[in-house]
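**Q** Quick one, structure for this:
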Amino acid sequence: MSKFIDLTGEKFGRLVVVKRVENGKWGHIRYLCLCDCGKEKIVLSNHLKSGDTKSCGCLSRVGNNLRHGHSINRKMSKIYMVWTNMKDRCANPNYHHYKDYGGRGITVCKRWMKFENFLEDIGECPPGLTLERENNNKGYYPDNCRWATKKEQAKNKRNNLYIEYNGRKRLLIEWSEETGIPYMTLWQRIFKYNWSTEKALTTPVKKRGENG
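**A** Residues are numbered from 1 along each chain as shown. Take a look at the predicted model:
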């Protein structure tokens with residue numbers, strides 16, 4: 001029998017695993033998940049790990065309407081996903097990060113509400129980069145946005161996280177790069193599981209499913 005691995009806190013496609021719920025009729029493990037669009041959905045563990053379920057259903061619905069080659073087998077392209085998430089952050093009160101975007105007045109310019117214009121202005125997303133606003137107090141429009149590395153984007157956040165250890169004060173993203181421990185793993189260890197800074201930065205990463 002394979003060892004149980006808790007998926008709570010993991011992300012699969014557009015779904016973040018919130019908690020484990022009662023097993024299904026045939027004993028299959030199920031989880032309550034929160035979709036990027038704000039809706040909740042109960043999904044079988046196997047369907048998450050296999051990639052069969054990546055959203056509450058919104059991914060397929062949107063995929064049916066994609067044009068210009070940005071829908072392949074009813075799956076959204078990376079650039080279309082970026083555009084969709086950008087709009088959700090600013091206009092969907094049910095989106096889990098809405099309070100940090102639309103909730104504080106961040107908007108998408110009228111021109112970029114149309115996907116073709118967004119693609120024309122910003123271009124395809126280069127590998128390893130994400131969409132960044134140069135001024136985090138302003139919205140999404142051509143003169144304020146660019147593709148940036150995760151490190152560049154982390155340094156530009158309003159809530160930069162500085163961690164001090166052994167007399168050195170550095171950004172959490174920089175500690176991540178130095179130690180080789182994933183950024184989210186460090187964040188969870190320190191802020192979710194309340195590990196000491198030393199323990200968080202020096203404990204080797206275990207297989208997926210560890211608490212921290």
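**Q** among the helices and strands of this protein, which has the poorest mean pLDDT?
**A** Every helix and strand of the chain was ranked by mean pLDDT, DSSP states H and E. The lowest is strand 71-72, at a mean of 53.
**Q** How is the protein partitioned into domains?
**A** Domain segmentation of the chain under automatic domain parsing yields 11-56, 78-146, 162-202.
**Q** Would you mind saying which of these lies nearest residue 5?
**A** Of all the domains of the chain, it is domain 11-56 that lies closest to residue 5, at 8.7 Å by Cβ to Cβ. Yep, even glycine has a C-beta here, placed from its N, CA and C like the rest.
**Q** so how far is residue 189 from the closest residue to residue 118 other than its chain neighbours?
**A** Nearest residue to residue 118, sequence neighbours excluded (Cβ to Cβ, 6 or more residues apart in numbering): residue 112, at 4.6 Å. Separation of residue 112 from residue 189 (Cβ to Cβ, to the nearest Å): 37 Å.
**Q** and if you look at residue 200?
**A** Applying Cβ to Cβ, the value for residue 200 to residue 189 is 4 Å.
**Q** go on, residue 149?
**A** Applying Cβ to Cβ to residue 149 and residue 189 gives a distance of 23 Å.
**Q** same check, this time on residue 137
**A** Per Cβ to Cβ, residue 137 is found 30 Å from residue 189.
**Q** More neighbours: which of these two?
**A** Remark: of residue 137 and residue 189, residue 189 carries more neighbours, 22 against 10, as counted by other Cβ atoms under 10 Å.
**Q** Can you classify the more buried one by secondary structure?
**A** Counting by DSSP: H, G, I helix; E, B strand; the rest coil, the backbone at residue 189 sits in helix.
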